[in-house]
Every structure is written in structure tokens, then in C-alpha cells.
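1. okay, here's the prediction I keep looking at, along with the sequence it came from:
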Amino acid sequence: MFWLKMGICGVTVSDVRGFGAQGGSTERHGGSEFSGDQFLAKVKMEIVVRKEQVEAVIDKIIEEARTGEIGDGKIFLVPVSDVIRVRIGERGEKDERMVGGKCDVSTAA
């Protein structure tokens, strides 16, 4: 998985619904047009990275996701002011990776 090779130790992927430039869906039944659900199924990825990783991650997402069609998605950059591990209350950058998790296993190899 390329995320681990890039040093990204966590990604959250959610199935969501929404609309953008491509609009929602409309259906025709018996000559009438219905727009019951204006939202389309989408995938939302949330990735928190260090400042020095931002451009490489953006480039990789674009490389993997771009089809040239409407609906390729958007990338929003949001600063993270702090990170807190709920289990132990540890705060700050020292807690940005999970010791003993998948990232440790892949980087040790």
C-alpha cells in the first residue's frame, strides 16, 4: 500500500453522500421527473500529515484519483492545531504516530 511507503500511518475512508458540479440524480417515471435524492454516493478520505508531507500526499492523491471527468473530487487543506490520544491524554506531535501499529511494522522491514 503506497500510503505506508510514504510514511502515512493512518487514513480514514467514509462512504458519504453529496453533490457538486455534477449535480444530483433525477429520474423519470410515467412522464414525470422526480428528484427524490439529490445526493450522489461519494468517498471521503481524511488524512492528517506533517507539513513536510503535504505536497507529496497531494501529488499522490491526484496521480491515483484523476480521471479528467467531473466528480474526480476535491482536496481540502485544513490545519490541525493539536492531536490528543484519548486513551492516555497524550498531546502534540509526539503522538502523531501509533507505536506498535501498521506503520511500525512496515517501516521496520
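-> Noted; the coordinates are in hand.

2. in this protein, which helix is the longest?
-> Across the chain, the longest stretch assigned as helix under DSSP state H is helix 54-65.

3. buried stuff in it?
-> By neighbour count on 16 or more other C-beta atoms under 10 Å, the buried set for helix 54-65 is 57, 60. (Glycine included, C-beta is placed from N, CA and C.)

4. could you pull out the helices for this protein?
-> Using DSSP H, helices in the chain cover 2-5, 54-65, 102-108.

5. worst mean pLDDT among these?
-> Lowest mean pLDDT within those: helix 102-108, a mean of 53.

6. contacting residues around the longest helix of the chain?
-> 2, 6, 8, 45, 47, 49, 72-73, 75, 77 (C-beta atoms under 8 Å, 6 or more residues apart in numbering).

7. so which of these wins on neighbours?
-> In terms of neighbours by other C-beta atoms under 10 Å, the contacts of helix 54-65 top out with I8 at 20 neighbours.

8. residue contacts, that one?
-> So I8 contacts 47, 49, 53, 57 (C-beta under 8 Å, 6+ apart).

9. coming back round to it: what is the nearest of the contacts of helix 54-65 to E90?
-> Minimum distance to E90 across the contacts of helix 54-65 is 18.9 Å, recorded for V49 (C-beta to C-beta).

10. re the thing from before, can you redo the contacts of helix 54-65 as a markdown table with distance to V86?
-> Below are the contacts of helix 54-65 laid out as a markdown table (distance: C-beta to C-beta, whole Å):
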| residue | distance to V86 |
| --- | --- |
| F2 | 28 |
| M6 | 26 |
| I8 | 21 |
| M45 | 22 |
| I47 | 19 |
| V49 | 20 |
| D72 | 34 |
| G73 | 29 |
| I75 | 27 |
| L77 | 25 |
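
11. please enumerate the strands of the chain.
-> Assigned by DSSP state E, the strands in the chain fall at 12-18, 27-29, 32-34, 40-46.

12. of those strands, which is nearest S81?
-> Set against S81 and scored by C-beta to C-beta, the strands of the chain come closest in strand 40-46, at 15.8 Å.
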